[in-house]
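> Just a sequence and a predicted model for now, questions to come.
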Amino acid sequence: MTEAMAQKPAMPDERAVAALREREGSPWTGIWSVILKEMADHLSSTRIFILEVLILLAALGTVYVASQNIQQTTAEDQFLYLRLFTTAQQPLPAFVGLLAFFIPLVAIALVFDAINGEFSRRTMSRILAQPIYRDALLMGKFLAALFTLALVCTAIWLLIFGLGILRLGVAPGGEEVGRGLLFLVATIFYGGIWLALGLVFSVVFRQSATAALASIAVWLFFTVFWGMIAGVAAQTLSPIRIGLPDEFLAQANMELALSRFSPNTLYAETMVALLRPEIRSLGILLPTQLEGAILGAPLPLSQSLLLVWPQMTGLVAASILLFALGYVLFQRQEIRA
Amino acid sequence: MVDSVIQTKDLTKKYGEFVAVDGLNLEVQAGEVFGLLGPNGAGKTTTILMILGLTEPTAGSVRVLGLDPARQPLSVKSRVGYLPDQVGFYDELTARENLTYIARLNGIPDSQIDRRVDEALARVGLEKVAYKRAGTFSRGMRQRLGLADVLVKQPQLIIMDEPTSGLDPEASHEFLEMILDLKKEGITILLSSHLLYQVQAVCDRVGLFSQGKMVLEGTVENLAQRVLGGAYRVLVDVESVQPEIAQALEKIPGVAHVQVTDTKKYQVEAAHDIRPEAAQAVISAGGRLLGLGVQAQSLDDIYTAYFQGGSI
Ligand SMILES: Nc1ncnc2c1ncn2[C@@H]1O[C@H](COP(=O)(O)OP(=O)(O)O)[C@@H](O)[C@H]1O
Ligand SMILES: [Mg+2]
């Protein structure tokens, strides 16, 4: 009830639109003050600290085990460091698997109370009575969370490379570092989607707990159910009637296309292509496509990057769309605390 | 020449069909304390939000310090301080950190921030708890911190929404004293309250709100004159109530209304202090005078009388 009241948007008004077009000054006035304050909050908050410790332990555990594994089996491998990220050993999953799981959680934890928290603390009207636009507040909060996430990811990334030097005893090659860096960037983009989603929910729901639950629900939906739904939907949309190979191919392609609506799929594909240079395609590979290719020969970095370009832009585009949605909703919100 | 600091013209706010503020024409002059008074739900907060540009008006216009809050929000907000109803702070930050954030948002140069924040805290008597977390503050301290928060930007106009609600009598008295100090510095103040009696002492002029309309506006004396027929209420205590005494009192020039209270007193509304004439009237009507008292009219009486009597 109260939520419905709270969300009742201000009246769409031509004057509002006119004012928006010709308002004075930069919409980003004061954004750095917001970013610095929010980052200080994040970095000193217990909530984030707990998650950081969890990721750190997970990172250390998986990478340690992976390095042991690599030391035992190492043949001449060009990409030892990348194996640190991707080697799984029972019962531990690979580091990248853990990351795909943890990043959304950290992102959601960073923003689920970004906007509604200001309302419930009754600070919103006081802050917006300062000479800043709502744009700066929302964007500042998003960027502060993104920078915090980037900081955490980079620290862990450095730690892993450091651990690698200690355990593997060789320095990483240039291409490995390049691929590792791109992987870091992709991970931060992946976090960006969940940040934008959490931010939208923190605008929509007046209760922080509701916003957190809604974000987690979306995450669960994509992590657990979307794969199944894509499978079932592909069977209905592109059924196999006679059993021709073309039909099987069409269905498989349909399923892949549907599954790519999930940020998890996009991230997983990006991860695979960047960290496993021998991956030549992210789609369904036909034997004809492999003709002339030397199986197992790694792709150069530029080719791998080309491979994941659609996925990366997809991640960024989705973040921007979600942020824009949050922006529009927030602009129209009554700010009466 | 007197500048008008706030000027609204036919300012209207509708929520769907519901009219929260209805064609408001308000003018607040530089240096005065204006009270926006009325019961809960009268539209005071909505008016304030429109003045600050935090809510879009449905119709009408607002000028604040000669600026349009919708077009020049940054200029308006850097000159106007706003103390919201039940102001909130970041509880995990100290008083000082809370104000520092506000100073930064106002673009105050780093070299001046510390000084300004300390000055503001000292102004409201919170310098001793500057390094305490805002979460530990009492309601009264929070309200004072809210005032310090407003003072950091050195505003020309301060708008306070229900500044004394939730404060104990002593704290609200102290707070009103601070408002008077600010007025002495020439800061224009607009405050809203549903506690008419409490704030009438600090307001130069008041506007009485009811259901989105400003039904009365002027100085308290002026309103008393118009609604009650007199700015003074003289209480005449006699030994026994007789019709002749009432008649004699009514004949005094300037008397608007004579009424017998349950405690056997005459209650006389008059334009000026008529105690000497009243004494004479009682004696000459053959009554025995026991006591005489005079009260300035309270806003509550005016409000009640206005709504009982319909309109003027
Ligand atoms: N977002 C809203 N949607 C619908 N009605 C509202 C909204 N905000 C305020 N109102 C109504 O507008 C009226 C005036 O409210 P307000 O300005 O807060 O009064 P006051 O501050 O004088 O107590 C109230 O009746 C309130 O219910
Ligand atoms: Mg109010």
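Sure thing, it's come through. Ligands and ions are numbered 1, 2, ... in the order given.
> Just say helix, strand or coil for the residue in chain A that ligand 1 sits nearest to.
As assessed by CB to the nearest ligand atom, ligand 1 sits closest to residue A:334 within chain A, at 4.6 Å. Heads up, the C-betas are built off the backbone N, CA and C, glycines and all. Under DSSP: H, G, I helix; E, B strand; the rest coil, the three-state class of residue A:334 is coil.
> burial measure for the one residue in the stretch 151-300 of chain B that gets nearest to chain A, as a count.
Residue nearest to chain A within the stretch 151-300 of chain B: residue B:153 (7.7 Å; CB to the nearest CB). Other residues lying near residue B:153 total 23 when counted by other CB atoms under 10 Å in any protein chain shown.
> Could you check how far it is from residue B:278?
From residue B:153 over to residue B:278 the distance is 52 Å, taken as CB to CB, to the nearest Å.
> quick one: contacts of stretch A:183-193?
A:85, A:99-100, A:103-104, A:106-107, A:146, A:149-150, A:153-154, A:157, A:263, A:266-267, A:270-271, A:274-275, A:308, A:311-312, A:315-316, A:318-319, A:322 (CB atoms under 8 Å, 6 or more residues apart in numbering or on different chains).
> Pull out the buried residues from that stretch.
A:183, A:184, A:186, A:187, A:188, A:189, A:190, A:191, A:192, A:193 (16 or more other CB atoms under 10 Å in any protein chain shown).
> helix, strand or coil for the residue lying farthest from the centre of chain A?
Residue farthest from the centre of chain A, counting by CA atoms, centre = their mean, is residue A:242 at 40.5 Å. On the three-state scheme (three-state DSSP), residue A:242 is labelled coil.
> what's the answer for the one 10 residues further on, then?
Three states are possible here, and by three-state DSSP the one that applies to residue A:252 is helix.
> what's the answer for residue B:31, then?
Residue B:31 - assigned by three-state DSSP - is coil.
> Closest to the centroid, which residue in the chain?
As the question left the chain open, I've gone with chain A. Central residue of chain A (CA atoms, centre = their mean): residue A:190, at 1.7 Å.
> actually chain B
Nearest to chain B centroid, counting by CA atoms, centre = their mean: residue B:35, 2.9 Å.
> hang on, isn't that residue packed against residue B:192?
Yes. Between residue B:35 and residue B:192 there is a contact under CB atoms under 8 Å: 7.4 Å.
> Around residue A:148, how many other residues sit close by?
Using other CB under 10 Å: residue A:148 sits among 26 other residues.
> Sticking with it, tell me its helix or strand.
helix A:134-168 (DSSP states H and E).
> and the residue of the stretch 201-312 of chain B found nearest ligand 1, what element?
Going by CB to the nearest ligand atom, ligand 1 is nearest to residue B:209 of the stretch 201-312 of chain B, at 6.4 Å. Using DSSP H and E, residue B:209 sits in strand B:205-210.
> Do the helix or strand following that strand and ligand 1 come into contact?
Using DSSP H and E, the helix or strand that directly follows strand B:205-210 along the chain is strand B:213-218. No. Strand B:213-218 stays clear of ligand 1 (CB under 6 Å from any ligand atom), getting no nearer than 11.4 Å.
> Pull out the buried residues from the helix or strand that strand B:213-218 is followed by.
As assigned by DSSP H and E, the chain's next helix or strand after strand B:213-218 is helix B:220-228. Using 16+ other CB under 10 Å as the test for burial, helix B:220-228 gives B:220, B:223, B:224, B:225, B:227, B:228.
> So among those, where is pLDDT lowest?
The member of the buried residues of helix B:220-228 with the lowest pLDDT is residue B:228, at 75.
> my guess is that residue contacts residue B:298, does it?
No. If you go by CB under 8 Å, residue B:228 and residue B:298 don't touch, sitting 10.1 Å apart.
> Please report the distance of residue A:231 from residue A:258.
From residue A:231 to residue A:258 the distance is 8 Å (CB to CB).
> who has more neighbours, these two?
Using other CB under 10 Å, the more surrounded residue of residue A:231 and residue A:258 is residue A:258, with 20 against 14.
> Which of the residues in the helix or strand that contains the more buried one are classified as buried?
Mapping residue A:258 onto the secondary structure by DSSP H and E places it in helix A:245-259. Within helix A:245-259, the residues that count as buried by 16+ other CB under 10 Å are A:250, A:251, A:254, A:255, A:256, A:258, A:259.
> so what's the fourth one closest to, chain neighbours aside?
Using CB to CB, 6 or more residues apart in numbering or on different chains and skipping residues adjacent in sequence, the residue nearest residue A:255 is residue A:234, 3.7 Å away.
> check contacts around that neighbour.
Residue A:234 neighbours (CB under 8 Å, 6+ apart): A:251, A:252, A:254, A:255, A:258.
> got the contact list for the fourth one?
With contacts taken as CB under 8 Å, 6+ apart, residue A:255 has the following neighbours: A:230, A:231, A:233, A:234.
> if we go to 6 Å?
Applying CB atoms under 6 Å, 6 or more residues apart in numbering or on different chains to residue A:255 gives the contacts A:230, A:231, A:234.
> right, and residue A:326 touches residue A:201 too?
No. Counting by CB atoms under 6 Å, residue A:326 does not reach residue A:201; the two are 8.6 Å apart.
> more neighbours, those two?
Taking neighbours as other CB under 10 Å, residue A:326 and residue A:201 compare with residue A:201 leading, 28 against 25.
> Please verify my assumption that the more buried one contacts residue A:211.
Yes. Taking CB under 6 Å as the definition, residue A:201 is a contact partner of residue A:211 at 4.1 Å.
> What is the burial count for residue 141?
As the question left the chain open, I've gone with chain A. 26.
> I was thinking of chain B, sorry if that wasn't clear
With other CB under 10 Å as criterion, residue B:141 counts 18.
> coming back round to it: need the contact list for the spatially closest residue to the residue of the stretch 201-312 of chain B closest to ligand 1 that is not a sequence neighbour.
Nearest residue to residue B:209, sequence neighbours excluded (CB to CB, 6+ apart): residue B:38, at 3.0 Å. Contact analysis of residue B:38 by CB under 6 Å, 6+ apart lists B:44, B:208, B:209, B:210.
> go again using 8 Å as the cut-off
B:44, B:194, B:208, B:209, B:210.
> where does chain B have low pLDDT?
B:1-2, B:309-312 (pLDDT under 70).
> can you rerun that using 50?
Scanning chain B for pLDDT under 50 picks out the ranges B:1, B:311-312.
> So which residues of it form helices?
B:44-52, B:73-79, B:95-105, B:110-123, B:139-151, B:169-184, B:196-200, B:220-228, B:243-251, B:275-284, B:299-308 (DSSP state H).
> picking that back up, which residues do residue A:201 and residue A:211 both contact?
residue A:112.
> For the residue of the stretch 51-200 of chain B found nearest chain A, the count of nearby residues, please.
Of all residues in the stretch 51-200 of chain B, the one sitting closest to chain A is residue B:88 (2.8 Å; CB to the nearest CB). Applying other CB under 10 Å, we find 21 residues neighbouring residue B:88.
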